[in-house]
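Peer 1: Make a model of this:
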Amino acid sequence: MKVGTVKTRSTKGLLVGAGISLGLLGSIFVGSPAFANTSSSCNTWLIDCYTGDVYANANHDLRVISSGPCGGNHWKVVDPDTGVTVAHGTGGANKVINGLYGRYYGTTDASTCGKGYITIQDY
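Peer 2: So this is what the prediction gives:
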């Protein structure tokens, strides 16, 4: 029996097993909403802005807060998987959107005076 051969095979087995374990562990943590944003914001300055994705909370709600100094910014909350706009408006907003499942992002434009902001959160 060759000691070097047995040792090499067991080392390869350990490395392969460790690689598979780390790969599975990474896929669990990366894809899990438990580690997703709970709030995301962006500010416009002469260009449209987009928040990061936020998952709806356990009650299937998100809060959207939007404002601009001129009151005419157009905002919306979008499902990135389907492209469906689930809420939209013009001017300031501080409202709760109900009945949501999955992840969403907010966007606002610079149409009126070039600046404004939007925040979405799973409050």
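Peer 1: ok, now which ones touch residue 49?
Peer 2: Residues in contact with residue 49 (Cβ atoms under 8 Å, 6 or more residues apart in numbering) are 42, 43, 107, 108, 117, 118. Heads up, the C-betas are built off the backbone N, CA and C, glycines and all.
Peer 1: where in the protein is pLDDT low?
Peer 2: Applying pLDDT under 70 to the chain flags residues 1-36, 71, 111-112, 114.
Peer 1: which residues sit in contact with residue 121?
Peer 2: Per Cβ under 8 Å, 6+ apart, neighbours of residue 121: 38, 39, 40, 54, 62, 63, 65.
Peer 1: repeat that with 10 Å
Peer 2: By Cβ atoms under 10 Å, 6 or more residues apart in numbering, residue 121 lies in contact with 37-41, 51, 54, 57, 61-65, 106.
Peer 1: Ok, residue 40 next?
Peer 2: Applying Cβ under 10 Å, 6+ apart to residue 40 gives the contacts 50-54, 104-106, 118-122.
Peer 1: again, 6 Å this time
Peer 2: Going by Cβ atoms under 6 Å, 6 or more residues apart in numbering, residue 40 touches 51, 52, 54, 120.
Peer 1: Farthest pair within these?
Peer 2: Every pair in those was compared (Cβ to Cβ); the two farthest apart turn out to be 52 and 120, at 8.9 Å.
Peer 1: per-domain residue ranges of this protein.
Peer 2: Following automatic domain parsing, one finds the domains of the chain at 3-31, 37-121.
Peer 1: Highest mean neighbour count out of the ones you listed?
Peer 2: Ranked by mean neighbour count under mean count of other Cβ atoms under 10 Å, the domains of the chain are led by domain 37-121, which reaches a mean of 17.
Peer 1: quick one: terminal-to-terminal distance for that one?
Peer 2: Length of domain 37-121, first residue to last, Cα to Cα, to the nearest Å: 8 Å.
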